[in-house]
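Participant: need a 3D model of the sequence below.
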Amino acid sequence: MSLQNRHLFGLKDYPKKDIESILDLAFKFREVLDRPIKKVPSLNGLTVVNLFFENSTRTRISFELAQKRLSCDTVNFSASSSSLKKGESFKDTAQNIEAMKIDAVVIRHPSPGAPKTLSKFIKSIIINAGDGTHEHPTQAILDMMSLKEKFGFLKGLKIGIIGDILHSRVALSNIYGLKTMGAEITLCGPSNLIPEFLKDLGVNINYDVDEVIDWADAINVLRIQRERMGIGLVPSVREYRNFFGINQKRIEKHKKDIVIMHPGPINRGVEIDSAVADGQNAIILDQVLNGVASRMAILFLLCGGKK
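Facilitator: As a prediction, this is how the structure comes out:
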(Lines give C-alpha, C1' and ligand atoms only; values in the text may rest on other atoms or scores of the structure.)
Protein backbone atom coordinates (compact mmCIF):
# COMPACT_ATOMS: atom_id res chain seq x y z
CA MET A 1 0.00 0.00 0.00
CA SER A 2 1.42 3.39 -0.98
CA LEU A 3 0.26 6.93 -1.73
CA GLN A 4 0.27 8.66 -5.10
CA ASN A 5 2.32 11.62 -3.86
CA ARG A 6 5.77 11.23 -2.31
CA HIS A 7 5.27 14.19 0.05
CA LEU A 8 2.31 15.60 1.95
CA PHE A 9 2.25 19.35 1.26
CA GLY A 10 -1.52 19.89 1.48
CA LEU A 11 -4.93 18.47 0.60
CA LYS A 12 -5.65 20.66 -2.42
CA ASP A 13 -6.31 18.20 -5.27
CA TYR A 14 -5.23 15.34 -3.02
CA PRO A 15 -6.56 12.00 -4.33
CA LYS A 16 -9.71 10.74 -2.63
CA LYS A 17 -8.31 7.21 -2.75
CA ASP A 18 -5.26 8.28 -0.76
CA ILE A 19 -7.35 10.02 1.91
CA GLU A 20 -9.40 6.82 2.22
CA SER A 21 -6.23 4.74 2.52
CA ILE A 22 -4.89 6.99 5.27
CA LEU A 23 -8.18 6.90 7.20
CA ASP A 24 -8.54 3.12 6.89
CA LEU A 25 -5.03 2.56 8.23
CA ALA A 26 -5.46 5.20 10.91
CA PHE A 27 -8.34 3.24 12.43
CA LYS A 28 -6.10 0.16 12.57
CA PHE A 29 -3.40 2.14 14.33
CA ARG A 30 -6.03 3.50 16.72
CA GLU A 31 -6.49 -0.12 17.83
CA VAL A 32 -2.74 -0.30 18.45
CA LEU A 33 -2.96 2.77 20.70
CA ASP A 34 -5.59 1.03 22.82
CA ARG A 35 -3.24 -1.89 23.57
CA PRO A 36 -1.17 -2.14 26.77
CA ILE A 37 1.98 -2.03 24.60
CA LYS A 38 1.41 0.77 22.10
CA LYS A 39 4.35 0.10 19.79
CA VAL A 40 4.91 -1.69 16.49
CA PRO A 41 8.20 -2.19 14.56
CA SER A 42 6.82 -0.85 11.26
CA LEU A 43 9.41 1.91 10.71
CA ASN A 44 12.27 0.50 12.74
CA GLY A 45 15.59 1.93 11.56
CA LEU A 46 14.15 5.07 9.94
CA THR A 47 15.03 8.52 11.21
CA VAL A 48 12.52 11.39 11.18
CA VAL A 49 13.37 15.00 12.03
CA ASN A 50 10.68 17.30 13.40
CA LEU A 51 11.71 20.66 11.97
CA PHE A 52 9.62 23.23 13.85
CA PHE A 53 10.00 26.95 13.21
CA GLU A 54 6.82 27.81 15.15
CA ASN A 55 5.52 26.92 18.59
CA SER A 56 3.40 23.80 18.89
CA THR A 57 1.98 21.52 21.57
CA ARG A 58 -0.42 18.98 20.07
CA THR A 59 1.07 18.65 16.58
CA ARG A 60 4.66 18.32 17.73
CA ILE A 61 3.98 15.84 20.54
CA SER A 62 1.53 13.93 18.35
CA PHE A 63 4.08 13.50 15.56
CA GLU A 64 6.81 12.52 18.01
CA LEU A 65 4.56 9.93 19.64
CA ALA A 66 3.47 8.62 16.23
CA GLN A 67 7.11 8.18 15.25
CA LYS A 68 8.01 6.42 18.48
CA ARG A 69 4.94 4.17 18.29
CA LEU A 70 6.24 3.09 14.85
CA SER A 71 9.76 2.51 16.27
CA CYS A 72 11.34 5.43 14.38
CA ASP A 73 14.40 7.28 15.59
CA THR A 74 13.11 10.79 16.27
CA VAL A 75 15.05 14.06 16.34
CA ASN A 76 13.44 17.33 17.41
CA PHE A 77 14.67 20.64 15.98
CA SER A 78 13.79 23.99 17.50
CA ALA A 79 14.54 27.13 15.51
CA SER A 80 14.91 29.23 18.65
CA SER A 81 17.94 27.24 19.82
CA SER A 82 19.54 26.55 16.43
CA SER A 83 22.22 28.16 14.27
CA LEU A 84 19.49 30.11 12.51
CA LYS A 85 20.05 32.55 15.36
CA LYS A 86 23.64 32.90 14.10
CA GLY A 87 22.56 33.70 10.56
CA GLU A 88 22.46 30.25 8.98
CA SER A 89 19.98 30.02 6.09
CA PHE A 90 16.93 27.78 5.84
CA LYS A 91 18.58 25.94 2.93
CA ASP A 92 21.86 25.32 4.77
CA THR A 93 20.03 24.19 7.90
CA ALA A 94 17.98 21.65 5.93
CA GLN A 95 20.89 20.33 3.86
CA ASN A 96 23.15 19.95 6.89
CA ILE A 97 20.49 17.98 8.73
CA GLU A 98 19.89 15.72 5.72
CA ALA A 99 23.64 15.10 5.41
CA MET A 100 23.35 13.19 8.70
CA LYS A 101 21.36 10.49 6.82
CA ILE A 102 17.75 11.09 7.74
CA ASP A 103 14.70 9.65 5.96
CA ALA A 104 11.86 12.13 6.50
CA VAL A 105 11.15 15.65 7.74
CA VAL A 106 8.04 16.95 9.47
CA ILE A 107 8.07 20.72 9.06
CA ARG A 108 6.11 23.57 10.63
CA HIS A 109 6.97 27.03 9.34
CA PRO A 110 5.37 30.49 9.43
CA SER A 111 5.78 30.99 5.67
CA PRO A 112 3.16 29.57 3.27
CA GLY A 113 4.80 27.15 0.85
CA ALA A 114 7.82 26.40 3.04
CA PRO A 115 7.43 22.58 2.79
CA LYS A 116 7.42 22.72 -1.01
CA THR A 117 10.44 25.04 -0.97
CA LEU A 118 12.20 22.57 1.31
CA SER A 119 11.68 19.83 -1.29
CA LYS A 120 13.94 21.78 -3.66
CA PHE A 121 16.80 21.53 -1.18
CA ILE A 122 16.58 17.98 0.15
CA LYS A 123 15.54 14.52 -1.07
CA SER A 124 13.93 13.27 2.13
CA ILE A 125 10.17 12.71 2.45
CA ILE A 126 8.44 15.90 3.65
CA ILE A 127 5.25 16.21 5.69
CA ASN A 128 3.63 19.59 6.22
CA ALA A 129 2.76 20.19 9.88
CA GLY A 130 1.40 23.66 9.13
CA ASP A 131 2.81 26.39 6.88
CA GLY A 132 1.67 29.87 7.85
CA THR A 133 -1.92 30.57 6.86
CA HIS A 134 -1.75 28.05 4.01
CA GLU A 135 -2.51 24.45 5.01
CA HIS A 136 -2.41 21.98 7.88
CA PRO A 137 -3.20 18.69 6.12
CA THR A 138 -2.62 16.29 9.00
CA GLN A 139 -5.04 18.26 11.20
CA ALA A 140 -7.73 17.96 8.53
CA ILE A 141 -7.09 14.23 8.24
CA LEU A 142 -7.45 13.70 11.99
CA ASP A 143 -10.61 15.82 11.90
CA MET A 144 -12.03 13.64 9.14
CA MET A 145 -11.08 10.53 11.09
CA SER A 146 -12.86 11.89 14.18
CA LEU A 147 -15.99 12.69 12.18
CA LYS A 148 -15.98 9.26 10.54
CA GLU A 149 -15.52 7.64 13.96
CA LYS A 150 -18.51 9.58 15.30
CA PHE A 151 -20.91 9.30 12.34
CA GLY A 152 -19.62 6.30 10.40
CA PHE A 153 -19.38 8.25 7.14
CA LEU A 154 -18.27 11.57 5.65
CA LYS A 155 -20.28 11.89 2.42
CA GLY A 156 -23.25 14.17 2.95
CA LEU A 157 -22.23 15.37 6.42
CA LYS A 158 -22.96 19.03 7.11
CA ILE A 159 -19.97 20.70 8.75
CA GLY A 160 -19.88 24.27 10.02
CA ILE A 161 -16.46 25.92 10.41
CA ILE A 162 -16.79 28.90 12.72
CA GLY A 163 -14.24 31.58 13.58
CA ASP A 164 -11.15 33.18 12.09
CA ILE A 165 -11.22 31.58 8.65
CA LEU A 166 -8.87 34.15 7.11
CA HIS A 167 -5.83 33.12 9.13
CA SER A 168 -6.69 29.44 9.57
CA ARG A 169 -4.64 26.79 7.79
CA VAL A 170 -6.91 24.27 9.51
CA ALA A 171 -9.97 25.70 7.74
CA LEU A 172 -8.42 25.55 4.28
CA SER A 173 -7.20 21.96 4.63
CA ASN A 174 -10.57 20.91 6.04
CA ILE A 175 -12.34 22.53 3.11
CA TYR A 176 -10.17 20.69 0.59
CA GLY A 177 -10.36 17.35 2.38
CA LEU A 178 -14.02 17.35 3.36
CA LYS A 179 -15.15 18.51 -0.09
CA THR A 180 -13.13 15.71 -1.67
CA MET A 181 -14.88 13.24 0.62
CA GLY A 182 -18.34 14.57 -0.25
CA ALA A 183 -19.22 16.61 2.84
CA GLU A 184 -21.06 19.95 2.78
CA ILE A 185 -19.37 22.94 4.41
CA THR A 186 -20.63 26.27 5.70
CA LEU A 187 -18.19 28.93 6.90
CA CYS A 188 -19.21 31.40 9.60
CA GLY A 189 -17.43 34.33 11.23
CA PRO A 190 -16.93 38.08 10.90
CA SER A 191 -17.18 39.11 7.25
CA ASN A 192 -13.64 40.52 7.25
CA LEU A 193 -12.29 37.16 8.45
CA ILE A 194 -13.79 35.10 5.61
CA PRO A 195 -11.96 35.53 2.26
CA GLU A 196 -14.25 35.92 -0.76
CA PHE A 197 -12.24 33.44 -2.85
CA LEU A 198 -13.43 30.57 -0.66
CA LYS A 199 -16.83 30.74 -2.37
CA ASP A 200 -15.07 29.38 -5.45
CA LEU A 201 -14.23 26.21 -3.51
CA GLY A 202 -17.88 25.21 -3.30
CA VAL A 203 -18.58 26.18 0.30
CA ASN A 204 -21.46 28.16 1.77
CA ILE A 205 -20.92 31.34 3.78
CA ASN A 206 -23.33 32.40 6.52
CA TYR A 207 -22.68 35.18 9.03
CA ASP A 208 -25.39 34.01 11.46
CA VAL A 209 -23.91 31.43 13.83
CA ASP A 210 -27.32 30.27 15.05
CA GLU A 211 -28.42 29.43 11.51
CA VAL A 212 -25.22 27.44 11.04
CA ILE A 213 -25.82 25.49 14.25
CA ASP A 214 -29.38 24.72 13.08
CA TRP A 215 -28.03 23.42 9.76
CA ALA A 216 -24.91 21.52 10.81
CA ASP A 217 -24.26 17.99 12.03
CA ALA A 218 -20.96 19.15 13.53
CA ILE A 219 -19.17 22.45 14.05
CA ASN A 220 -15.42 22.97 14.08
CA VAL A 221 -14.70 26.03 16.22
CA LEU A 222 -11.57 28.04 15.44
CA ARG A 223 -9.77 30.53 17.66
CA ILE A 224 -9.05 34.14 16.80
CA GLN A 225 -5.39 34.16 15.71
CA ARG A 226 -4.29 37.47 17.15
CA GLU A 227 -0.63 36.68 16.43
CA ARG A 228 -1.34 36.74 12.67
CA MET A 229 -3.81 39.59 12.36
CA GLY A 230 -3.46 43.36 12.26
CA ILE A 231 -5.18 45.88 14.46
CA GLY A 232 -8.94 46.34 14.14
CA LEU A 233 -10.01 43.11 12.43
CA VAL A 234 -11.99 42.24 15.54
CA PRO A 235 -13.22 45.31 17.49
CA SER A 236 -13.19 43.50 20.83
CA VAL A 237 -13.18 40.04 22.36
CA ARG A 238 -16.52 40.82 24.00
CA GLU A 239 -18.14 41.71 20.68
CA TYR A 240 -16.77 38.59 18.99
CA ARG A 241 -17.99 36.42 21.84
CA ASN A 242 -21.49 37.92 21.68
CA PHE A 243 -21.89 37.32 17.95
CA PHE A 244 -19.89 34.15 17.32
CA GLY A 245 -18.95 32.58 20.67
CA ILE A 246 -20.19 29.03 21.23
CA ASN A 247 -21.68 28.86 24.74
CA GLN A 248 -24.00 26.46 26.50
CA LYS A 249 -27.03 28.75 26.26
CA ARG A 250 -26.58 29.06 22.50
CA ILE A 251 -26.27 25.30 22.05
CA GLU A 252 -29.21 24.45 24.31
CA LYS A 253 -31.67 26.75 22.56
CA HIS A 254 -31.29 24.74 19.35
CA LYS A 255 -32.44 21.55 21.10
CA LYS A 256 -30.27 19.22 19.02
CA ASP A 257 -27.23 17.04 19.51
CA ILE A 258 -24.47 18.70 17.54
CA VAL A 259 -20.88 17.47 17.56
CA ILE A 260 -18.38 20.05 18.83
CA MET A 261 -14.81 20.11 17.49
CA HIS A 262 -11.81 22.37 18.05
CA PRO A 263 -8.25 21.99 16.68
CA GLY A 264 -6.66 23.72 19.70
CA PRO A 265 -5.33 25.71 21.33
CA ILE A 266 -8.62 26.78 22.90
CA ASN A 267 -9.19 30.32 24.11
CA ARG A 268 -11.85 29.49 26.67
CA GLY A 269 -14.44 32.18 27.13
CA VAL A 270 -13.75 33.66 23.71
CA GLU A 271 -14.66 31.37 20.78
CA ILE A 272 -15.99 28.60 23.04
CA ASP A 273 -16.99 28.26 26.69
CA SER A 274 -15.69 25.53 28.98
CA ALA A 275 -19.16 24.05 29.45
CA VAL A 276 -19.30 23.32 25.71
CA ALA A 277 -15.66 22.34 25.20
CA ASP A 278 -15.87 19.88 28.09
CA GLY A 279 -19.46 18.81 27.40
CA GLN A 280 -20.86 15.48 26.25
CA ASN A 281 -21.14 16.58 22.61
CA ALA A 282 -17.46 17.57 22.34
CA ILE A 283 -15.00 15.21 20.65
CA ILE A 284 -12.00 17.48 21.13
CA LEU A 285 -9.89 14.98 23.06
CA ASP A 286 -10.86 12.26 20.57
CA GLN A 287 -9.37 14.52 17.89
CA VAL A 288 -6.13 14.68 19.85
CA LEU A 289 -5.87 10.89 20.18
CA ASN A 290 -6.83 10.39 16.54
CA GLY A 291 -4.03 12.79 15.66
CA VAL A 292 -1.49 10.21 16.80
CA ALA A 293 -3.20 7.37 14.91
CA SER A 294 -3.65 9.34 11.68
CA ARG A 295 -0.05 10.59 11.74
CA MET A 296 1.13 7.03 12.27
CA ALA A 297 -0.80 6.10 9.13
CA ILE A 298 0.67 8.99 7.14
CA LEU A 299 4.22 8.17 8.21
CA PHE A 300 3.72 4.47 7.48
CA LEU A 301 2.33 5.02 3.99
CA LEU A 302 4.84 7.70 2.96
CA CYS A 303 7.89 6.00 4.43
CA GLY A 304 7.11 2.51 3.14
CA GLY A 305 6.43 0.81 6.44
CA LYS A 306 6.11 -2.92 6.97
CA LYS A 307 3.07 -4.50 8.59
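Participant: give the contact list for the closest residue to S168 other than its chain neighbours.
Facilitator: What sits nearest to S168 in space, not counting adjacent residues and going by Cβ to Cβ, 6 or more residues apart in numbering, is L222, at 5.1 Å. (C-beta placed from N, C-alpha, C; glycine too.) Residues in contact with L222 (Cβ atoms under 8 Å, 6 or more residues apart in numbering) are I161, I162, G163, D164, I165, S168, V170, A171, G189, H262, P263, E271.
Participant: what about the residue nearest the centre of the chain, helix or strand, and which?
Facilitator: Nearest to the mean C-alpha position of the chain, counting by Cα atoms, centre = their mean, stands Q139 at 1.6 Å. For Q139, the element it lies in under DSSP states H and E is helix 137-151.
Participant: partners of the following helix or strand past that helix in the sheet?
Facilitator: Next along the chain after helix 137-151, taking DSSP H and E as the criterion, comes strand 158-162. Counting by DSSP bridges, the strands paired with strand 158-162 are strand 184-188 (parallel), strand 218-221 (parallel).
Participant: need the phi and psi values for the residue nearest to S168.
Facilitator: Main-chain torsions, L222, degrees, to the nearest 10: phi -110, psi 150.
Participant: gap between it and A293?
Facilitator: L222 sits 23 Å away from A293, going by Cβ to Cβ, to the nearest Å.
Participant: before we move on, the earlier item: surely the residue nearest to the centre of the chain is in contact with N128?
Facilitator: No - contact between Q139 and N128 fails when scored by Cβ atoms under 8 Å: they sit 10.1 Å apart.
Participant: which SS state does E20 fall under?
Facilitator: At E20 the chain is in helix, as set by DSSP: H, G, I helix; E, B strand; the rest coil.
Participant: got a list of what it touches?
Facilitator: With contact set as Cβ under 8 Å, 6+ apart, E20 has no partners.
Participant: stretch 10-21: end-to-end distance?
Facilitator: End-to-end distance of stretch 10-21: 16 Å, with Cα to Cα, to the nearest Å as the criterion.
Participant: so where's the stretch 51-200 of the chain uncertain?
Facilitator: Along the stretch 51-200 of the chain, the model assigns pLDDT under 70 to no residue.
Participant: how about Q287, nearest residue that isn't a chain neighbour?
Facilitator: S146 (4.8 Å).
Participant: list the contacts of that neighbour.
Facilitator: Shown in contact with S146 (Cβ under 8 Å, 6+ apart): M261, I283, D286, Q287, N290.
Participant: around the fourth one, how many other residues sit close by?
Facilitator: Number of residues near Q287 (other Cβ atoms under 10 Å) recorded here: 23.
Participant: give me the pLDDT for it.
Facilitator: Predicted confidence (pLDDT) at Q287: the value is 98.
Participant: these two touch, right, it and L142?
Facilitator: Yes - between Q287 and L142 a contact is recorded at 5.8 Å, counting by Cβ under 8 Å.
Participant: just the strands in the stretch 51-200 of the chain please.
Facilitator: Counting by DSSP state E, counting those that start in this stretch, the stretch 51-200 of the chain has strands at residues 73-78, 104-109, 125-131, 158-162, 184-188.
Participant: what helices or strands is the lengthiest helix in the chain leaning on?
Facilitator: If you go by DSSP state H, the chain has its longest helix at helix 284-303. Helix 284-303 sits against helix 16-33, helix 58-69, strand 104-109, strand 125-131, helix 137-151, strand 259-261, with contacts defined as 3 or more Cβ pairs under 8 Å, 6 or more residues apart in numbering; DSSP states H and E.
Participant: quick check: buried residues in that helix?
Facilitator: Buried positions in helix 284-303, judged by neighbour count with 16 or more other Cβ atoms under 10 Å: 284, 286-303.
Participant: equivalent analysis for stretch 67-78, please.
Facilitator: Neighbour counts over stretch 67-78 (16+ other Cβ under 10 Å) mark Q67, K68, R69, L70, C72, T74, V75, F77 as buried.
Participant: hey, what's the last one bridged with?
Facilitator: Under the criterion DSSP bridges, F77 forms beta bridges with L51.
Participant: wait, it sits on E98?
Facilitator: No - with contact defined as Cβ under 8 Å, F77 and E98 do not form a contacting pair (11.9 Å).
Participant: if we can go back for a sec, for the helices and strands packed on helix 284-303, which one sits closest to V209?
Facilitator: strand 259-261 (13.0 Å; Cβ to Cβ).
Participant: list of residues touching the closest one?
Facilitator: For strand 259-261, contacts defined as Cβ under 8 Å, 6+ apart pick out 143, 146-147, 150-151, 217-221, 246, 251, 272, 276-277, 279, 281-284, 287.
Participant: quick one: it to chain centroid distance?
Facilitator: 15 Å (Cα atoms, centre = their mean, to the nearest Å).
Participant: repeat that for stretch 243-260.
Facilitator: From the chain centre to the centre of stretch 243-260 is a distance of 23 Å (Cα atoms, centre = their mean).
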